[in-house]
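A.B. asks: The following block contains a protein sequence and its predicted model.
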There are 2 protein chains.
Amino acid sequence: MPYTKEHKQKSRERILESASRLFSHRGYAAVSIDDLMRDAGLTRGAFYNHFSDKAEVYAEAIIHAAMRSARAVGKATESSSLESLHDLLSGYLSREHIDNSGHPCPLAFLVTDVGTREFKVRESYTRVYRNLVRLIGKRLPPARAKDRREAIMAVTAIMIGGVAVGRALISATLADQLLASCRSAARRILEQA
Amino acid sequence: MPYTKEHKQKSRERILESASRLFSHRGYAAVSIDDLMRDAGLTRGAFYNHFSDKAEVYAEAIIHAAMRSARAVGKATESSSLESLHDLLSGYLSREHIDNSGHPCPLAFLVTDVGTREFKVRESYTRVYRNLVRLIGKRLPPARAKDRREAIMAVTAIMIGGVAVGRALISATLADQLLASCRSAARRILEQA
DNA sequence: GTCTATAGAAAGATAGAC
DNA sequence: GTCTATCTTTCTATAGAC
């Protein structure tokens, strides 16, 4: 047996790693399977031994990208406090995230892209979104359940919207104003919740 | 002269009309020039008599879509009051806007799509965004300039983020919770500004 | 499991007739 | 100005050798 099970697993990991990075940065349609596999150090033909089609790798890449991004932004911190939430917001709503993040958040970088794709892709996106809501909720001091959930969801829209729009804008100073406005609004909302 | 200047203008309008609708709904890459022209009642070959390439029609379609959308959501109302702002928010952050709008807001429907395109496309997007900021500002009662601008920009992120994410989510009830949360958070922010 | 080769479809852009 | 026809490139997906 020239190829072990571990070898296949390693290849699969490399493909997913390339996929989450490339799709996030260039968009789904702009990345061909050839690009993907070359980036992963393999060739086109090997692709279909790991995934049934392009949509499948996309759906999985979204999950993968979310985990990598969580680690990068420090979302994985388990401390439950307003402090840690502020850190999360500062990291997320930052120029660094927009320009130099090797692992940006797929929720922000792929919002529009996902809306028109096949079911399994939007399913992945939804799962990652629910996770963000949960993650913020765990760090928030207890309060009335409904207001809390409302506040959290509004904050997710600010985070995702702020980064997505900031990335689209051609003016860096305008984008920076937007990011700063989002940070301070999000903090206020969470403090009141 | 078999074709008048007005005729060319009419064709151009029809192409832009088709472009803003199709790009918004399906995304830039998923719409071919063939689709575009067929929708406008013309054929492929005629396209290049109106635009130099696909990116150019995209840049112009974003502007066009923004004007149509403004009329649809009632953004064009000139009354300057918190009332009219609430109407704007209700129309924008609605299921109707996400599902059945013939003329959705390109800021929300094309955010991600724009980030990786050519300069002129992002330029159009930025122009439309500045316009939204201005439009909200005109309807807001006077206050300290800086806080006002911060509030306005945070609200734009909530609007765009709420609609964009709501469209991506596979669960309608989750999306509706998100929309409601965004509406109430945006109102609170504007009332405090 | 990964490779090369290729089938088959689609898209952007151009040429020339009317 | 708009049409049909076509060049050229690119892409997804499959086939078959190793």
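C.D. replies: Sure, I can see it.
A.B. asks: can you tell if stretch A:106-123 touches chain B?
C.D. replies: Yes - applying C-beta under 8 Å from any C-beta of the partner chain, one finds stretch A:106-123 touching chain B at A:107, A:109, A:110, A:111, A:112, A:113, A:114, A:115, A:116, A:119, A:122, A:123. (C-beta placed from N, C-alpha, C; glycine too.)
A.B. asks: Can I get those in JSON lines including pLDDT and neighbour count?
C.D. replies: Below are the residues of stretch A:106-123 next to chain B laid out as JSON lines (pLDDT from 0 to 100; neighbours: other C-beta atoms under 10 Å in any protein chain shown):
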{"residue": "A:107", "pLDDT": "98", "neighbour count": "27"}
{"residue": "A:109", "pLDDT": "98", "neighbour count": "28"}
{"residue": "A:110", "pLDDT": "98", "neighbour count": "28"}
{"residue": "A:111", "pLDDT": "98", "neighbour count": "28"}
{"residue": "A:112", "pLDDT": "97", "neighbour count": "25"}
{"residue": "A:113", "pLDDT": "96", "neighbour count": "26"}
{"residue": "A:114", "pLDDT": "97", "neighbour count": "28"}
{"residue": "A:115", "pLDDT": "93", "neighbour count": "24"}
{"residue": "A:116", "pLDDT": "93", "neighbour count": "17"}
{"residue": "A:119", "pLDDT": "97", "neighbour count": "10"}
{"residue": "A:122", "pLDDT": "98", "neighbour count": "20"}
{"residue": "A:123", "pLDDT": "98", "neighbour count": "18"}
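A.B. asks: Name the nearest of those relative to DNA strand D.
C.D. replies: Nearest to DNA strand D among these: residue A:113, at 13.5 Å, using C-beta to the nearest atom of the strand.
A.B. asks: okay but that closest one is in contact with residue A:26, surely?
C.D. replies: No - Residue A:113 is beyond contact range of residue A:26, at 10.3 Å (criterion: C-beta atoms under 8 Å).
A.B. asks: Buried ones in the longest helix seen in chain A, by neighbour count?
C.D. replies: Counting by DSSP state H, the longest helix found in chain A is helix A:145-168. For helix A:145-168, the neighbour count (16 or more other C-beta atoms under 10 Å in any protein chain shown) marks A:148-168 as buried.
A.B. asks: which ones among those come in contact with chain B?
C.D. replies: Applying C-beta under 8 Å from any C-beta to the buried residues of helix A:145-168, one finds that A:149-154, A:156-162, A:164-165, A:167-168 fall near chain B.
A.B. asks: Can you tell me which residues in chain A are near DNA strand C?
C.D. replies: Within chain A, the positions near DNA strand C by C-beta under 7 Å from any atom of the strand are A:3, A:5, A:7-8, A:11, A:37, A:42-46, A:49-50.
A.B. asks: any low-confidence regions in chain A?
C.D. replies: Within chain A, the segments meeting pLDDT under 70 span A:1-2, A:74-79.
A.B. asks: Could I get the buried residue list for the helix or strand harbouring residue A:87?
C.D. replies: Per DSSP states H and E, residue A:87 falls inside helix A:82-92. Counting neighbours by 16+ other C-beta under 10 Å, one finds that the buried residues in helix A:82-92 are A:84, A:85, A:86, A:87, A:88, A:89, A:90, A:92.
A.B. asks: The third one contacts residue A:187, doesn't it?
C.D. replies: Pointing back at residue A:86 there. Yes - Residue A:86 is in contact with residue A:187 according to C-beta under 8 Å; the separation is 6.3 Å.
A.B. asks: And the buried residues of helix A:82-92, which is closest to residue B:71?
C.D. replies: Using C-beta to C-beta, residue A:92 comes nearest to residue B:71 of the buried residues of helix A:82-92, at 34.5 Å.
A.B. asks: Closest residue of chain A to DNA strand C?
C.D. replies: Counting by C-beta to the nearest atom of the strand, chain A gets nearest DNA strand C through residue A:45, at 2.1 Å.
A.B. asks: what's the nearest residue to the closest residue to chain B within chain A if we skip its chain neighbours?
C.D. replies: Residue of chain A nearest chain B, by C-beta to the nearest C-beta: residue A:161 (2.1 Å). Take residue A:161 and drop its neighbours on the chain: the residue closest to it by C-beta to C-beta, 6 or more residues apart in numbering or on different chains is residue B:161, 2.1 Å away.
A.B. asks: residues in contact with that neighbour?
C.D. replies: Residue B:161 is in contact with A:111, A:156, A:157, A:158, A:159, A:160, A:161, A:162, A:164, A:165, B:182, counting by C-beta atoms under 8 Å, 6 or more residues apart in numbering or on different chains.
A.B. asks: closest to DNA strand D among those?
C.D. replies: residue A:111 (20.4 Å).
A.B. asks: residues contacting the residue nearest to that closest one when sequence neighbours are not counted?
C.D. replies: Nearest non-adjacent residue to residue A:111, counting by C-beta to C-beta, 6+ apart: residue B:164, 4.4 Å away. Going by C-beta under 8 Å, 6+ apart, residue B:164 touches A:111, A:112, A:115, A:160, A:161, A:164, B:108, B:109, B:111, B:112.
A.B. asks: go on, residue A:130?
C.D. replies: residue B:174.
A.B. asks: check which helix or strand covers it.
C.D. replies: Element membership of residue A:130 [criterion: DSSP H and E] is helix A:119-139.
A.B. asks: Could you confirm whether that helix reaches DNA strand D?
C.D. replies: No - on the criterion C-beta under 7 Å from any atom of the strand, helix A:119-139 is out of touch with DNA strand D, staying 13.0 Å away.
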